[in-house]
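# Build me a structure from this.
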Amino acid sequence: MKILIRFLPVTILSFVICSGYKSENKKNHRQTGEISVSITLDSINPGNISQKQASTLREVIISSGGSFYHTKSFEFGVIPKEGPSHFIKCIGNKIPQNAIAILRAIKPGDFILVANLILFSNIKYKAVSDPTWTIVADPK
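Numbering: from 1, shown residues only. As a prediction, the model looks like this:
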């Protein structure tokens, strides 16, 4: 009986090691299930955009590897270099008329921002790049 009690801790330790015990310090990395998407205004990638291009914008396009996703809603923001910012809640992927009116009055140095996108089926996503555009002067 004394021999069995002496070897019991060794037996338990051997069983734990052989069964694949994993330390709490080494966490398993699981796939998050998020898809990487590109967010564009019409077909214009984030970055610089001319005043003329900005005044003709009509929709937000979300794509990933050739697949396109429909949006339930998003927030469209215009942040001027001077003055108050404008944020408009949009339904679907179209830019509404009141946002288009604001886009016609933008100046170089202003920013356009697309935020809080909600995709149909509540798909989790992460943007490949920040969905911001900087207004630049039209080429002459």
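# show me where this protein has helices.
Listed in chain order, the helices found in the chain under DSSP state H are 2-18, 51-55, 97-103.
# looking at those, which has the lowest confidence?
In terms of mean pLDDT, the lowest-scoring of these is helix 2-18 (a mean of 44).
# shaky segments in this protein?
1-33, 140 (pLDDT under 70).
# go again using 80 as the cut-off
1-34, 121-123, 138-140 (pLDDT under 80).
# That one: strands as residue ranges?
Along the chain, counting by DSSP state E, strands occupy 35-41, 47-50, 60-64, 67-69, 71-79, 86-91, 111-119, 125-127, 132-136.
# Turn these into CSV, including mean neighbour count and distance to residue 97.
C-betas here are computed from N, CA, C, even on glycine. Compiled in CSV, the strands of the chain are given as follows (neighbours: other Cβ atoms under 10 Å; distance: least, Cβ to Cβ, whole Å):
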stretch, mean neighbour count, distance to residue 97
strand 35-41, 18, 16
strand 47-50, 15, 19
strand 60-64, 17, 15
strand 67-69, 12, 24
strand 71-79, 18, 12
strand 86-91, 14, 10
strand 111-119, 17, 16
strand 125-127, 13, 26
strand 132-136, 18, 20
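# can you put these in JSON lines and add distance to residue 98?
Output for the strands of the chain, formatted as JSON lines (distance: least, Cβ to Cβ, whole Å):
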{"stretch": "strand 35-41", "distance to residue 98": "16"}
{"stretch": "strand 47-50", "distance to residue 98": "19"}
{"stretch": "strand 60-64", "distance to residue 98": "15"}
{"stretch": "strand 67-69", "distance to residue 98": "24"}
{"stretch": "strand 71-79", "distance to residue 98": "10"}
{"stretch": "strand 86-91", "distance to residue 98": "6"}
{"stretch": "strand 111-119", "distance to residue 98": "15"}
{"stretch": "strand 125-127", "distance to residue 98": "25"}
{"stretch": "strand 132-136", "distance to residue 98": "18"}
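# can you tell which of those is closest to residue 104?
Evaluated with Cβ to Cβ, the strands of the chain place strand 71-79 nearest to residue 104, the distance being 10.7 Å.
# quick one, what contacts residue 137?
Applying Cβ atoms under 8 Å, 6 or more residues apart in numbering, we find residue 137 in contact with 50-51, 108.
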